[in-house]
Each structure stands twice: as C-alpha cells, then as structure tokens.
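[1] Here you go, sequence then predicted model.
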Amino acid sequence: MDPEHARELLQRERARIEHALGELSPPNSEDATDRFETADVSAELVDEEIGEARAEQLREELAAIERAESRLAQGTYGVSVESGEPIPDARLEALPWAERTAEEQSRFATSGG
C-alpha cells in the first residue's frame, strides 16, 4: 500500500475514534441527577457499562493506530508483526491498523492474545 494513502487512512480513523471518544465523555456533573433517585437505576447502570466498554474498545483501536503510525514511520507498515508476511491491501483498507494477516489474527485471538 502506498504510504501516503496509508497515512490518510490512519488519520481518518484517528479522527473518527477521537470524535467517538468525545461523544462518550461523561455528562457535566452539574447537570447529572442522583442516579439512585431515578426509577430505573439498572437501565442507567447498563448504559454506563456499555459506554465504558465502547470507550475501552475505542482506546484500544487508538493505541493500535499509534502502533501502525510508528510502523509507517519505520517503513514496516503493511507487514505482519508476527511473521513479516505482507498484509493484503484489502485488509489494510478495512482495518488500517491491522498488525497481522487475517489468518494470524484469528489464531492470535483464539489463543487469547
């Protein structure tokens, strides 16, 4: 993949993730009501947990983008960190921060990586 195109993809994904993280920011504490005075505390707790899980996922993606940007600067972007095999351009288009080939990632995820 052309390094400039890769850089554009990574920048676009970084902006998307940073925007999504900003949208998940906690509400202004002055506007917040005591959640234990609401009729359905459990629904709010579930929403909070979902928001926290989404924020964690976004932070993990952002860290992966930072690693990809580092590989791009080092000239190793587009090759697997595991085997050194080329990562197909179609995979990089879909997941610009991909660190492994699809097969390697599947094995990595299955092994608890």
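    Received the coordinates, thanks. Numbering: from 1, shown residues only.

[2] Distance from the chain centre to stretch 54-62, please.
    Stretch 54-62 has its C-alpha centroid displaced from the chain centroid by 5 Å (CA atoms, centre = their mean, to the nearest Å).

[3] again with stretch 72-91
    With CA atoms, centre = their mean as the basis, the mean position of stretch 72-91 lies at 18 Å from the chain mean.

[4] Return the set of buried residues in the least confident helix or strand in the chain by mean pLDDT.
    Least confident helix or strand, the chain: helix 41-74 with a mean of 87, by mean pLDDT, DSSP states H and E. Of the residues in helix 41-74, those buried by neighbour count under the rule 16 or more other CB atoms under 10 Å are 55, 58, 61, 62, 64, 65, 68, 69, 71, 72. Yep, even glycine has a C-beta here, placed from its N, CA and C like the rest.

[5] mind listing what the first one touches?
    Read that as residue 55. Taking CB atoms under 8 Å, 6 or more residues apart in numbering as the definition of contact, the neighbours of residue 55 are 21, 24.

[6] ok, it to residue 18 distance?
    Counting by CB to CB, to the nearest Å, the separation of residue 55 from residue 18 is 12 Å.

[7] what do you get for the last one?
    In this view, residue 72 and residue 18 are 18 Å apart by CB to CB.

[8] For the residue nearest the centre of the chain, which non-adjacent residue is spatially closest?
    Centroid-nearest residue in the chain: residue 61, 1.7 Å away (criterion: CA atoms, centre = their mean). Nearest residue to residue 61 in three dimensions, chain neighbours excluded: residue 17, at 5.5 Å (CB to CB, 6 or more residues apart in numbering).

[9] thought the one you found was touching residue 58?
    Yes - the pair residue 17 and residue 58 qualifies as a contact (CB atoms under 8 Å) at a distance of 5.1 Å.

[10] Just the buried positions in the stretch of helix or strand residue 14 belongs to, please.
    Counting by DSSP states H and E, the secondary-structure element that holds residue 14 is helix 3-23. Under the neighbour-count criterion of 16+ other CB under 10 Å, helix 3-23 has 6, 7, 9, 10, 13, 14, 17 buried.
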